[in-house]
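Asker: Whatever this is, show me its structure:
(one chain, ligands or ions: 1)
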Amino acid sequence: MTVLSVRNLETFYGAIMALRGVSIDVTEGEIVTILGANGAGKSTLMKTIAGLMDPEKGSIELFGQSIAGLEPDRVVRAGVSLVPEGREVFPYLTVEENLKLGAYTRRDDPASDLELVYDYFPILKERRKQNAGYLSGGQQQMLAIGRGLMARPRLMMLDEPSLGLSPLLTQEIFGIIARLNAEQKVTMLLVEQNAHIALATAHTGYVLEMGRIVMGGPTEKLRASDDIQEFYLGKA
Ligand code: ATP
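Answerer: Below is the predicted model:
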């Protein structure tokens, strides 16, 4: 079943065309990764899907329903949660308050989801009464992912989860991302500069260059490609 279908998407910053006709698909249960250098348009693609930017042209469908041009809160209600680059947790709220905010679109009791988040991120349970501003970078990233889970998304979008983290913490976070996908069946769209770990974690990948998709397919195929090895995996 197709969760997300993006077709010929064009997004501008004023006169600058950041997305030049992007098409991607995300199938239920998959992790799909978007690879690309700085400035390729990865964040712009996420922001356009999340309703933070309006596309000039093209379509965005979630389970066959158009979400293009909807306000961000409507996109969240439709089932998409974005874990933004730089995390953006609320520093003066506690860890638990931050998590509960992630469930704001739901009327039911989020207690069982809190327990689920604490199962995957035990450190957040330990620190649940502390202000989020006191967490380390890695813990803030965990909090941002946990907050995204609280909405019980049908699609979770992760923008650069490894940004600013040590290799060890990056491994840990990606291990949890893979477990959430395998055990909780969370479908994910992952933007990541670290092509090694992105291709090892995701099932399907796309390469974005200067606003265009130039390659796409199963990650094992991408990993075998000479261009990917040379430009993204650093093998000569
Ligand atoms: P990064 O990894 O650095 O975040 P990215 O692949 O996410 O890169 P985008 O941030 O989506 O790239 O940027 C795509 C293009 O749009 C770039 O050419 C960038 O210079 C341009 N751009 C991004 N934000 C703005 C902005 N606020 N105003 C004007 N141009 C912008």
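Asker: In the protein, where is pLDDT below threshold?
Answerer: Applying pLDDT under 70 to the chain picks out residues 106-107, 235-236.
Asker: Look up how far the ligand lies from the most centrally placed residue in it.
Answerer: Nearest to the geometric centre of the chain sits residue 158, at 1.6 Å (CA atoms, centre = their mean). Using CB to the nearest ligand atom, to the nearest Å, one obtains 13 Å as the distance from residue 158 to the ligand. For the C-beta atoms, the positions are set from N, CA and C on the backbone; glycine is no exception.
Asker: That residue: what's it in contact with?
Answerer: Applying CB atoms under 8 Å, 6 or more residues apart in numbering, one finds that residue 158 lies in contact with 83, 145, 148, 177, 188-192.
Asker: In those residues, find the pair that's most separated.
Answerer: Using CB to CB, the contacts of residue 158 span at most 15.4 Å, a distance reached by 148 and 192.
Asker: Residue 27 touches residue 3, doesn't it?
Answerer: Yes. Counting by CB atoms under 8 Å, residue 27 touches residue 3, with 6.6 Å between them.
Asker: which bits of this protein sit near the ligand?
Answerer: Along the chain, the residues adjacent to the ligand under the rule CB under 6 Å from any ligand atom are 13, 16, 18, 36, 38-44.
Asker: Buried members of those residues into ChimeraX, please.
Answerer: To isolate the buried ones among these in ChimeraX, judged by 16 or more other CB atoms under 10 Å, type:
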select :18,36,40,41,42,43,44
